[in-house]
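Undergrad: any chance you can model this:
(2 chains)
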Amino acid sequence: MQENTNLVYIYDGTLEGFLCCVYESYVHREIPCEICMETGQLHIFEETQWIRTDLGHAARIYESIDRKISLEAQDFIKNAFLTCIEDKEILMYRFIGQGYQYGRAAFDRLTDDTVDRLTKAVRNLQREAHSFMGFVRFTVYDGIMVSCIAPKNRVLPLLLDHFSNRYPDETFLIYDRTHQMAVVHKPEGTLLTAMTKLTLPPIDDAEMAYHTLWKCFQHTIAIEERFNPKCQMNHMPKRFWADMTEFT
Amino acid sequence: MQERTPDMDILEKLAILTDAAKYDVACTSSGVDRSGQSGKIGSAVASGICHSFAADGRCISLLKVLMSNQCIYDCKYCVNRVSRDTPRTAFTPHELADLTISFYRRNYIEGLFLSSGVMKSPDYTTEHMIQAIEILRTEYRFNGYIHVKAIPGTDNALLQRMGLLADRMSVNIELPSESGLQQLAPQKKPEAILRPMALIRSGIEENTSDLTVYRHAPKFVPAGQSTQLIIGATPDSDHRILSLSEGLYNKYKLKRVFFSAYNPVVEDPLLPSVFSAPPLLREHRLYQADWLMRFYGFSAGEIVDAKNPNMNLAIDPKANWAIRHLDQFPVEINRATYEKLLRVPGIGVLSARKIIQARRAGSLNFEGLKKLGVVLKRAKFFVTCQGKVSEGVVIDSDTVLRGLLSKNDLQMLPAAAGEQLAFTDVPDMVRVMGGVPVSAFGYLPEERAMQNAGKYEFGIHI
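TA: As a prediction, the model looks like this:
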């Protein structure tokens, strides 16, 4: 098989769709130079190939990742798909190819460009998700806890278990503005869904009182003699602040 | 769940009792993994979670407050000592439990860190604290993280009860020597501090053996115990502080020893003046040394000893060790053991692990090391890849030192009296090597380096 420097696969933007790109590439013995989501954008200089999503084909590839590489690789690919790097699809495609060749040892090839970039992207995703486990702020509206975030990566699937495990009997919603998605949890179950807009009622007095208490604590706990805003921002970059109660 | 609208005098109490608690540095929520349960609120994550960062750059993980800032003791270094004129107040157990659960629910915090001034007696104070956390655990079914301070002098049975409710318990040693304790906290006896520490240790040990027999035996302080030492209030040396920490890790099985740069809040002839700044750089170096002991396989004696009782503030302790042990370098990246790799400045726990992993797939070069997160600026003086030294590495005092000193470190050095780091004052590396000019480690006359190792004090005098 040789890389066709001119061939672009277009898919529907789902993980299953991406897996079908891998499938088609092996069936037709061709290597695309790019795999991208359908955006309606014109590819004038490249030859494009629309890949239809077939759940059966996707399942075969997904299962082959476990069989030929490892179970860990399945999770890795799922996570890689949530990252925010632009060319994630082609890197994932190449990683799977390397995995078929080297098996689980593909992960050891840390100095390979593909493995290097993809592992760093996944690490970045996991770090951001971990940050949000702390930085998510709920405001209570009539018993329902609501939080808005603007992450770079699609962190919601990674946050879902943590928060539904922590607040099993509560009703809460976390809205991701960047990717227009939301997690909705009720005691009966948890749901990940698309959501284009979220309008919230005004905050009531009791809730305001908690905001004031928290701001008071957050402010008072700092030791003036050790004032170090640079260190504060290193740990908690300003992009998070807009959605955090203590800074609003 | 139903919440009571908070009274506004709670705000006042919170301000006072937070302000009084802020000098306690420990705020970690780590050490225990506990899944949530239906019917309860909360969970715990072993790595700990930071929920915010205060303006001083410290992590906010737990609601860190005092039960009360009333205190019968008169420890000279403490803001809550009885002789100080300051507003006093206390939470009722219910107020504190309500506040904790409301903050927890909004994901402001990972749990509660409860300490207290000594009201009436240690037992009386502890009973109050137990009440508050009992309300949290049983009435509110709180399953999140709780860290409590054991008050020295408390009855064993009460400590036992508290340990079954908390995730972490700690006793602050505060002053690293008995003489310091006698002078500054005459009412506290070392025995009163060490007894609860020993009790917690044996409680954890017994509990571990119970747990192997009965899986559902209640857990006693599952996240272990920690302590805090105040730095710079007494003339204790780094050697004293680090040996004490090492002993606490080994003998008392502590999870963490925290260091708190003394913040002069009180004018007293026995203490540093209120106009002196907290020794933040020294605190930073002690934490670096603490890390070396806990994760890098160093012993306290390798960092400081009776002859050099204090660390060099200008350079981090690992680089300092490396410079004094040039005979152990260079290290070949493709063959060195994990332990050897950890000793190289610029290689941390993560990059050492990655090196081990990546070399299974093939031989590593300097380009590859960069991808693995090795700080070549520091490491290049101490390693070879496939037998070769990094290109252009010249070993002279100036470049090695400049390579090892970070900008931040230099900024943190006290510029007092206009004294500056003069690189010319530093013994020339070439001289350290025994007078033989060396252009790179690859050609280092090993034997000579061995002979000279330890002969020279590589100190920067400021």
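Undergrad: A:Tyr175 in helix, strand or coil?
TA: Three-state secondary structure (criterion: DSSP: H, G, I helix; E, B strand; the rest coil) places A:Tyr175 in strand.
Undergrad: and it, what does it touch?
TA: Counting by CB atoms under 8 Å, 6 or more residues apart in numbering or on different chains, A:Tyr175 touches A:Val146, A:Ser147, A:Cys148, A:Ile149, A:Met181, A:Ala182, A:Met195, A:Leu198. From N, CA and C alone the C-beta is placed, and that goes for glycine too.
Undergrad: state the pair within the residues you listed that is farthest apart.
TA: A:Val146 and A:Met181 (14.5 Å; CB to CB).
Undergrad: coming back round to it: so of the contacts of A:Tyr175, which ones are in strands?
TA: Judged by DSSP state E, the subset of these located in strands is A:Val146, A:Ser147, A:Cys148, A:Ile149, A:Met181, A:Ala182.
Undergrad: dump the contacts of A:Tyr175 to JSON lines, plus pLDDT, neighbour count and distance to B:Leu286.
TA: Formatted as JSON lines, the contacts of A:Tyr175 follow (pLDDT from 0 to 100; neighbours: other CB atoms under 10 Å in any protein chain shown; distance: CB to CB, whole Å):
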{"residue": "A:Val146", "pLDDT": "98", "neighbour count": "18", "distance to B:Leu286": "43"}
{"residue": "A:Ser147", "pLDDT": "98", "neighbour count": "24", "distance to B:Leu286": "38"}
{"residue": "A:Cys148", "pLDDT": "97", "neighbour count": "17", "distance to B:Leu286": "41"}
{"residue": "A:Ile149", "pLDDT": "97", "neighbour count": "22", "distance to B:Leu286": "37"}
{"residue": "A:Met181", "pLDDT": "96", "neighbour count": "18", "distance to B:Leu286": "45"}
{"residue": "A:Ala182", "pLDDT": "97", "neighbour count": "21", "distance to B:Leu286": "46"}
{"residue": "A:Met195", "pLDDT": "95", "neighbour count": "16", "distance to B:Leu286": "49"}
{"residue": "A:Leu198", "pLDDT": "93", "neighbour count": "12", "distance to B:Leu286": "47"}
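Undergrad: which ones among those residues also lie next to chain B?
TA: Among the contacts of A:Tyr175, the residues within reach of chain B (CB under 8 Å from any CB of the partner chain) are A:Ser147.
Undergrad: wait, which of the contacts of A:Tyr175 is closest to B:Leu342?
TA: Closest approach between these and B:Leu342, by CB to CB: A:Ile149, at 37.1 Å.
Undergrad: got the phi and psi for the closest residue to B:Gly144 other than its chain neighbours?
TA: By the measure of CB to CB, 6 or more residues apart in numbering or on different chains, the closest residue to B:Gly144 outside its immediate chain neighbours is B:Gly42, 3.3 Å from it. According to degrees, to the nearest 10, the main-chain angles of B:Gly42 amount to phi 120, psi 160.
Undergrad: quick one: residues contacting B:Gly42.
TA: Under the criterion of CB under 8 Å, 6+ apart, the contact list for B:Gly42 reads A:Arg166, B:Gly36, B:Tyr104, B:Gly111, B:Phe142, B:Asn143, B:Gly144, B:Tyr145.
Undergrad: and the least confident of those residues?
TA: Across the contacts of B:Gly42, no position has a lower pLDDT than B:Gly36, which has 93.
Undergrad: which of the ones in strands among the contacts of A:Tyr175 sits closest to chain B?
TA: A:Ser147 (7.4 Å; CB to the nearest CB).
Undergrad: quickly list what that closest one is bridged to.
TA: Beta-bridge partners for A:Ser147, by DSSP bridges, are A:Ile174.
Undergrad: that one against B:Arg105, yeah?
TA: No - with contact taken as CB atoms under 8 Å, A:Ser147 and B:Arg105 are classed as non-touching, separated by 11.7 Å.
Undergrad: name the residues contacting each of those two.
TA: Common neighbours of A:Ser147 and B:Arg105 (CB under 8 Å, 6+ apart) are A:Phe138.
Undergrad: unless I'm mixing things up, B:Ser102 is touching B:Pro6, no?
TA: Yes - under the criterion of CB under 8 Å, B:Ser102 is in contact with B:Pro6, at a separation of 7.4 Å.
Undergrad: more neighbours: these two, which one.
TA: For B:Ser102 and B:Pro6, the more surrounded residue by other CB atoms under 10 Å in any protein chain shown is B:Ser102, and the numbers stand at 22 against 18.
Undergrad: mind listing what's buried along whichever strand or helix holds the more buried one?
TA: Under DSSP states H and E, the secondary-structure element containing B:Ser102 is helix B:93-105. Applying a neighbour-count criterion of 16 or more other CB atoms under 10 Å in any protein chain shown, the buried positions in helix B:93-105 are B:Pro93, B:Glu95, B:Leu96, B:Ala97, B:Asp98, B:Leu99, B:Thr100, B:Ile101, B:Ser102, B:Phe103, B:Tyr104, B:Arg105.
Undergrad: cool, stretch A:85-104 as well?
TA: Applying a neighbour-count criterion of 16+ other CB under 10 Å, one finds A:85, A:88-99, A:102 buried in stretch A:85-104.
Undergrad: also stretch B:313-323?
TA: The neighbour-count check on stretch B:313-323 (16+ other CB under 10 Å) flags B:Leu313, B:Ala314, B:Ile315, B:Asp316, B:Pro317, B:Lys318, B:Ala319, B:Asn320, B:Trp321, B:Ala322, B:Ile323 as buried.
Undergrad: same thing with stretch B:191-200?
TA: Using 16+ other CB under 10 Å as the burial criterion, the residues of stretch B:191-200 that qualify are B:Ile193, B:Arg195, B:Pro196, B:Met197, B:Leu199, B:Ile200.
Undergrad: nearest to B:Asn156, of the residues you listed?
TA: For those, the closest approach to B:Asn156 (CB to CB) belongs to B:Leu199, at 5.9 Å.
Undergrad: hang on, B:Tyr338 packs against B:Lys354?
TA: No - at 11.1 Å, B:Tyr338 does not count as touching B:Lys354 under the criterion of CB under 8 Å.
Undergrad: so what's the residue count around A:Asp205?
TA: One way to gauge burial is a neighbour count; for A:Asp205, by other CB under 10 Å, it gives 7.
Undergrad: helix or strand right after the helix or strand hosting A:Gln101?
TA: A:Gln101 is part of helix A:88-102 when elements are defined by DSSP H and E. Tracing the chain past helix A:88-102, the next element assigned as helix or strand by DSSP H and E is helix A:113-135.
Undergrad: leaving out sequence neighbours, find the closest residue to the residue most central in space within chain A.
TA: Per CA atoms, centre = their mean, the C-alpha nearest to the average position across chain A is that of A:Arg154, at 2.3 Å. Here the nearest residue to A:Arg154 in space, its sequence neighbours aside, is A:Leu82; by CB to CB, 6+ apart that works out to 4.1 Å.
Undergrad: what's near enough to touch that neighbour?
TA: The neighbourhood of A:Leu82, defined by CB under 8 Å, 6+ apart, consists of A:Leu125, A:Asn153, A:Arg154, A:Val155, A:Pro157, A:Leu158.
Undergrad: hey, C-alpha coordinates of the helix or strand hosting B:Glu206 in PDB?
TA: For B:Glu206, the host element (DSSP H and E) is helix B:190-213. Once non-C-alpha atoms are left out, helix B:190-213 reads as follows in PDB (Å, rounded to 0.1, in the frame of the first residue of the first chain):
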ATOM      1  CA  PRO B 190       6.800  16.800  72.700                       C
ATOM      2  CA  GLU B 191       5.200  13.700  74.300                       C
ATOM      3  CA  ALA B 192       1.800  15.200  73.800                       C
ATOM      4  CA  ILE B 193       2.500  15.500  70.000                       C
ATOM      5  CA  LEU B 194       4.200  12.200  69.500                       C
ATOM      6  CA  ARG B 195       1.600  10.100  71.400                       C
ATOM      7  CA  PRO B 196      -1.300  10.800  69.100                       C
ATOM      8  CA  MET B 197       1.000  10.200  66.100                       C
ATOM      9  CA  ALA B 198       1.900   6.800  67.400                       C
ATOM     10  CA  LEU B 199      -1.700   6.100  68.200                       C
ATOM     11  CA  ILE B 200      -2.800   7.000  64.600                       C
ATOM     12  CA  ARG B 201       0.000   4.800  63.200                       C
ATOM     13  CA  SER B 202      -0.900   1.800  65.300                       C
ATOM     14  CA  GLY B 203      -4.600   2.400  64.600                       C
ATOM     15  CA  ILE B 204      -3.900   2.300  60.900                       C
ATOM     16  CA  GLU B 205      -1.800  -0.900  61.300                       C
ATOM     17  CA  GLU B 206      -4.500  -2.700  63.300                       C
ATOM     18  CA  ASN B 207      -7.100  -1.600  60.900                       C
ATOM     19  CA  THR B 208      -5.200  -2.900  57.900                       C
ATOM     20  CA  SER B 209      -5.000  -6.400  59.500                       C
ATOM     21  CA  ASP B 210      -8.700  -6.200  60.400                       C
ATOM     22  CA  LEU B 211      -9.500  -5.300  56.800                       C
ATOM     23  CA  THR B 212      -7.800  -8.400  55.500                       C
ATOM     24  CA  VAL B 213     -10.100 -10.400  57.700                       C
END
